[in-house]
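> Dropping a prediction and its sequence here:
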Amino acid sequence: MAKNTNQPKKHHYVPCMLLSQFGTGDGRSAKVWVWDKETGRVWNARADSVAYQNDLYKIPTERLELLDEADIAKLPPELQGEYAIEAMFGMMEKSLAYIIKVMQSTLTVPPEGSEALIELLTAVTLFDMRTPAKMEQARQMTEALMNLMAEVNFPDFTDEQRVSVPFKSNRPQLLATVLQHLPDVMEFMLERHWSLRIAQDNNYILTDFPVQHVFARTPLQRWDVPAPAVKNTIAMFPLTRSLLLVGEYEVSSGVRLADARWVGFHNANALGHAERFLFTFEDKFTVLANERGLPAYTAIYNSDERLFTMTPQWFAQEVKAGHIGKPQRMTINGVAPEDYRLDTPMKAANGFNPTPQTQVMWKHTFLNEEGEEVPLSELHEKPKDDD
């Protein structure tokens with residue numbers, strides 16, 4: 001089987017072409033300010049030195065050997081080896097860079113139904129799915145489902161028999177688990193009307209969890225979550241430090257100016273949802289306090305929530321005090337009532353239907369702590385008696 005060689009070990013879940021839009025300089029050598037929510041440290045760094053994990057998207061050789069060589073041979077050489085996923089993301093990023101360049105020069109969003117819009121939204125959706133944080137969510141979900149199924153199918157299942165799914169040895173399977181929902185989430189994304197919000201005197205920030213879904217107005221139910229299929233939501237993705245891509249179900253497409261409160265609202269949500277790192281143009285950025293967790297239009301237009309400038313000193317103090325830290329993410333979520341869902345095949349409030357997911361998980365194989373491939377059903381077999 002042909003293999004693409006000389007691939008970089010640094011696999012960026014936020015690519016340099018996007019990081020450079022929030023820094024000075026171009027491409028991999030662009031400089032951005034990096035804010036660490038874990039340590040409170042702030043420093044200036046090259047784009048190619050942040051937002052990556054070594055071999056994050058590498059496909060192990062033993063996995064490649066399970067694929068049909070005749071099918072693989074039909075693919076371009078760069079998509080045939082262990083770095084095929086990284087190569088695919090790289091091709092997508094080149095296309096996205098061109099689309100962003102056109103959007104910057106024309107201050108327009110690609111027309112609805114156009115190939116350019118589909119490519120743009122595919123890239124945005126992948127940025128939402130391909131992060132280590134989303135893969136970790138998939139790991140927790142997989143582990144929980146595996147043990148839940150064991151409890152259901154094996155009445156005498158004990159805590160000693162619970163299994164774990166290590167992150168590093170299962171990265172390809174975890175990514176596949178997340179990406180299997182790409183068509184459904186894309187359906188939700190294409191239902192939205194997309195606009196540009198142009199920052200005037202402030203800068204948007206980028207994070208290691210770059211796509212935000214927030215409520216537009218107060219939700220109908222207290223248990224609701226602001227997820228792709230929920231109609232009362234806004235999807236936000238910063239394309240550059242001055243351009244924010246905004247998708248809504250109930251507001252028409254267009255190009256609109258964003259005042260300091262709009263920028264601050266995005267930045268506050270980005271700060272809160274970031275797994276660990278933020279990337280900014282300057283060593284300061286505007287934040288809308290929104291301590292009450294108000295929905296977007298209430299917080300921006302109809303509240304007295306204050307704006308303030310986040311500085312490295314204040315950031316370090318807030319991290320030390322525990323006011324800024326790693327977010328709590330949901331793993332297995334419920335399904336919204338029938339009359340509050342989009343009419344799509346999936347019809348899940350958060351883009352995830354537990355039933356088919358459970359079936360898929362049972363068919364997959366994962367690696368145990370020793371790195372050995374084991375079918376899920378065998379992981380839950382009762383241990384044999386010593387005698």
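Noted; the coordinates are in hand.

> residue ranges with poor pLDDT in the chain?
1-8, 63, 65-75, 77-79, 330-387 (pLDDT under 70).

> In space, not sequence, find me the middle residue of it.
D128 (2.4 Å; C-alpha atoms, centre = their mean).

> could you pull out the strands for the stretch 1-150 of the chain?
For the stretch 1-150 of the chain, the strands defined by DSSP state E, counting those that start in this stretch cover 10-12, 31-36, 42-46, 52-54.

> and of these, who's closest to R139?
strand 52-54 (14.0 Å; C-beta to C-beta). Heads up, the C-betas are built off the backbone N, CA and C, glycines and all.

> contacting residues around the closest one?
9-13, 132 (C-beta atoms under 8 Å, 6 or more residues apart in numbering).

> Show me how far it is from its chain's centre.
15 Å (C-alpha atoms, centre = their mean, to the nearest Å).

> likewise stretch 269-282?
Using C-alpha atoms, centre = their mean, the offset of stretch 269-282 from its chain centre is 13 Å.

> buried sites along that stretch?
If you call a residue buried by 16 or more other C-beta atoms under 10 Å, then stretch 269-282 has these buried ones: 269-281.

> and the nearest residue to G90 once chain neighbours are set aside, how many neighbours does it have?
Spatial nearest neighbour of G90, chain neighbours left out: P15 (7.9 Å); criterion: C-beta to C-beta, 6 or more residues apart in numbering. Applying other C-beta atoms under 10 Å, we find 24 residues neighbouring P15.

> so I118 makes contact with L190?
Yes - if you go by C-beta atoms under 8 Å, I118 and L190 touch, sitting 7.4 Å apart.

> Hmm, D48 and K9 touching each other?
No - with contacts counted by C-beta under 8 Å, K9 stays clear of D48, the gap being 11.8 Å.

> Can you pick out the residue with more neighbours from the two?
Neighbour tally, K9 and D48, criterion other C-beta under 10 Å: the higher count belongs to D48, 18 against 12.

> The residue lying closest to that one once chain neighbours are set aside: how many residues sit nearby?
Spatial nearest neighbour of D48, excluding adjacent residues (C-beta to C-beta, 6+ apart): R28 at 3.9 Å. By the criterion of other C-beta under 10 Å, R28 has 16 neighbours.

> L179 too?
17.

> Pull up the gap between it and L257, please.
Using C-beta to C-beta, to the nearest Å, L179 is found at 36 Å from L257.

> Report the contact partners of Q21.
100, 206, 239-241.

> typo on my end, it should be K134
By C-beta under 8 Å, 6+ apart, the neighbours of K134 are 128, 178.

> That one and N267: what is the separation?
For K134 relative to N267 (C-beta to C-beta), the value is 21 Å.

> From what I see, the residue nearest to G90 and M92 are in contact.
No - taking C-beta under 8 Å as the definition, P15 is not a contact partner of M92, at 9.1 Å.

> Tell me the secondary structure at R197.
Under DSSP: H, G, I helix; E, B strand; the rest coil, R197 falls in the strand class.

> thinking it is in contact with S242, fair?
No - with contacts counted by C-beta under 8 Å, R197 stays clear of S242, the gap being 9.5 Å.

> For the nearest residue to Q200 once chain neighbours are set aside, give me phi and psi.
Leaving aside its chain neighbours, Q200 sits nearest to L257 (5.9 Å; criterion: C-beta to C-beta, 6+ apart). As for L257, its main-chain torsions (degrees, to the nearest 10) stand at phi -80, psi 150.

> now for the helix or strand containing M186, which elements pack on it?
Assigned by DSSP states H and E, M186 belongs to helix 182-191. Applying 3 or more C-beta pairs under 8 Å, 6 or more residues apart in numbering; DSSP states H and E, one finds that helix 182-191 makes contact with helix 115-129.

> Enumerate the positions of the helix it packs on that are buried.
Buried residues in helix 115-129 (16+ other C-beta under 10 Å): 117, 119-129.

> can you check stretch 174-183 too?
Buried residues in stretch 174-183 (16+ other C-beta under 10 Å): 174-179, 181.
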